[in-house]
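everything below, folded, please.
(one chain, ligands or ions: 3)
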Amino acid sequence: MKGTVMRSTGSFYDVLAEDGKKYNCRVRGKIRLEGIKETNPVAVGDHVIMDLEHDIGSITEILPRTNHILRKSVKKTGHSHVLAANIDQALLVVTLALPRTSLGFIDRFLVSAEAYRIPQVIVFNKRDLLSEEDVNLLNEYMKLYESIGTTCFSISAQQDEPEAIRQILQNKATLIAGHSGVGKSTLLNAIAPSIGQAVGDISSFSQKGTHTTTFAEMFALNDNTFVIDTPGVKEWGLVEMSEQELSDYFPEMRDLRLDCKYGSRCIHINEPKCAILDAVQNQTIALSRYQSYYSMVMDEDNRK
Ligand SMILES: Nc1nc2c(ncn2[C@@H]2O[C@H](COP(=O)(O)OP(=O)(O)OP(=O)(O)O)[C@@H](O)[C@H]2O)c(=O)[nH]1
Ligand SMILES: [Mg+2]
Ligand SMILES: [Zn+2]
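Ligands and ions are numbered 1, 2, ... in the order given. Prediction:
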């Protein structure tokens with residue numbers, strides 16, 4: 001029988017099978033997708049084949065993935081963790097305060113998703129907590145990200161009816177990501193109360209966040225609409241990519257870089273007649289975006 005992995009605890013998997021029922025499964029034997037060196041062989045969102053014996057399932061095969069999104073292991077073992085597979089869209093929840101999400105973090109996330117050709121959405125949450133000054137900053141950020149083609153929303157998941165966000169989720173499998181405490185689970189509960197995810201307690205909630213959600217879990221909103229709630233991440237390790245490749249994943253650099261004097265060999269750091277550096281100079285490329293680019297190029301850990 002075919003099914004989709006809805007939840008993984010590392011050794012057990014909840015699989016939503018073709019018959020519409022959920023089964024608790026284990027992995028039988030050694031199954032690995034070819035060329036994958038991740039710590040978890042089976043990820044949320046995977047389409048699998050399972051055998052059923054007395055209501056207990058065993059996953060015997062992982063069907064080919066259309067994509068997967070990785071998070072580098074915290075320990076630098078060279079292994080990565082597959083956060084989810086077969087996703088159509090990645091929605092990043094961010095907050096300007098409590099906790100603060102940096103632009104560097106946002107950019108790393110966008111680049112990771114772009115590298116897998118997964119369309120991105122940013123939700124700026126906790127609008128109710130913002131001062132007038134913060135709102136100005138928020139508007140600036142939204143303008144910046146909309147200008148590079150990212151869909152942005154600003155809401156209070158606690159107070160608003162998130163109808164517009166509900167709409168963009170329709171008929172897709174969407175990964176919900178972001179730091180711990182930004183309100184990912186709160187947002188999903190507002191979108192569909194039946195999800196009933198636990199939400200961080202305000203009294204125990206520190207600025208650092210306390211990891212209320214501990215496993216990635218997929219929920220079906222209807223037959224074709226799925227959302228994946230994930231535990232908060234502190235940092236995104238990038239997929240390994242070459243220096244030349246990186247600017248391909250910045251939409252505002254992608255086309256411009258063809259005009260650099262050194263063409264595809266230019267890494268836009270200090271080369272003469274660099275179209276990217278010129279664009280930063282005349283502010284067609286935002287300085288914050290270039291700074292993110294620069295720190296990623298300089299980050300040895302990401303090099304192939
Ligand atoms: N003021 C305000 N608080 C919010 C809003 N959304 C969420 N919160 C609060 O923020 C805290 C964290 O919310 P969660 O939904 O648990 O955050 P999370 O992103 O799922 O966190 P992890 O599961 O740890 O990754 C809770 O106390 C929520 O009540 C909002 O729009 N405004
Ligand atoms: Mg959560
Ligand atoms: Zn250049």
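
can you show me the strands along the stretch 151-300 of the chain?
151-154, 173-177, 217-222, 225-229 (DSSP state E, counting those that start in this stretch).

longest helix of the protein, counting residues only.
If you go by DSSP state H, the chain has its longest helix at helix 132-147.

any chance of the strands of the stretch 151-300 of the chain in TSV, plus distance to residue 91 and mean neighbour count?
Quick note: C-beta positions are derived from backbone N, CA and C, even for glycine. Converted to TSV, the strands of the stretch 151-300 of the chain look like this (distance: least, CB to CB, whole Å; neighbours: other CB atoms under 10 Å):
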stretch	distance to residue 91	mean neighbour count
strand 151-154	9	18
strand 173-177	5	25
strand 217-222	13	18
strand 225-229	8	23
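
could I get those strands as JSON lines with mean pLDDT and distance to residue 255?
Listed next are those as JSON lines, based on pLDDT from 0 to 100; distance: least, CB to CB, whole Å:
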{"stretch": "strand 151-154", "mean pLDDT": "98", "distance to residue 255": "20"}
{"stretch": "strand 173-177", "mean pLDDT": "97", "distance to residue 255": "27"}
{"stretch": "strand 217-222", "mean pLDDT": "95", "distance to residue 255": "35"}
{"stretch": "strand 225-229", "mean pLDDT": "96", "distance to residue 255": "32"}
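
where are the low-confidence patches of this protein?
30-40, 72-79, 202-210, 237-238, 300-304 (pLDDT under 70).

just give the closest residue to the residue in the stretch 101-250 of the chain that ligand 3 sits nearest to, not the sequence neighbours.
Nearest residue of the stretch 101-250 of the chain to ligand 3: residue 247, at 7.7 Å (CB to the ion). Nearest non-adjacent residue to residue 247, counting by CB to CB, 6 or more residues apart in numbering: residue 253, 4.2 Å away.

report how many residues lie close to whichever residue of the stretch 1-150 of the chain sits closest to ligand 2.
Closest to ligand 2 within the stretch 1-150 of the chain is residue 93: 9.5 Å, counting by CB to the ion. Here the count is done by other CB atoms under 10 Å, and residue 93 has 27 residues near it.

need the contact list for it.
Contact partners of residue 93, counting by CB atoms under 8 Å, 6 or more residues apart in numbering, are 123, 125, 176-178, 182-184, 187.

how about residue 175?
Taking CB under 8 Å, 6+ apart as the test, what residue 175 contacts is 69, 83-84, 87, 89-91, 118, 228, 230.

for it, give its distance to residue 51.
Noted for residue 175: a distance of 28 Å to residue 51, by CB to CB, to the nearest Å.

what do you get for residue 102?
46 Å.

care to break the chain down by domain?
Following automatic domain parsing, the chain resolves into domains at 2-62, 70-229, 243-302.

now tabulate those in TSV and tack on distance to residue 235.
Output for these, formatted as TSV (distance: least, CB to CB, whole Å):
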stretch	distance to residue 235
domain 2-62	17
domain 70-229	7
domain 243-302	11
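
before we move on, back to that, which residues touch the longest helix of the chain?
By CB under 8 Å, 6+ apart, helix 132-147 touches 96-97, 103, 106, 122, 124, 127, 130, 152, 154, 252, 286, 288-289.

could you do stretch 118-125 as well?
67, 69, 87-96, 106, 109-110, 113-114, 138, 141-142, 145, 150-157, 165, 168, 174-175, 182-183, 186-187.

could you do stretch 265-280 as well?
Outside stretch 265-280, the residues touching it (CB under 8 Å, 6+ apart) are 243-244, 246-247, 252-253, 256-262, 285, 287, 290, 293-294, 297.

give me phi/psi at the residue lying farthest from the centre of the chain?
Distance from the centre of the chain peaks at residue 54, with 36.5 Å (CA atoms, centre = their mean). Reported as degrees, to the nearest 10, the phi and psi values for residue 54 are phi 50, psi 50.

how close does it sit to ligand 1?
34 Å (CB to the nearest ligand atom, to the nearest Å).

how far off centre is stretch 98-106?
From the chain centre to the centre of stretch 98-106 is a distance of 14 Å (CA atoms, centre = their mean, to the nearest Å).

what's the span of it from first residue to last?
16 Å (CA to CA, to the nearest Å).

re the thing from before, which of the contacts of residue 93 fall within helices?
Per DSSP H, the contacts of residue 93 map to helices at 184, 187.

how far away is the residue nearest to residue 276 when sequence neighbours are not counted from ligand 3?
Closest residue to residue 276 apart from its sequence neighbours, by CB to CB, 6+ apart: residue 268 at 3.9 Å. Residue 268 is 4 Å from ligand 3, where distance means CB to the ion, to the nearest Å.

next, work out how far apart residue 268 and residue 236 are.
On the measure of CB to CB, residue 268 and residue 236 end up 21 Å apart.
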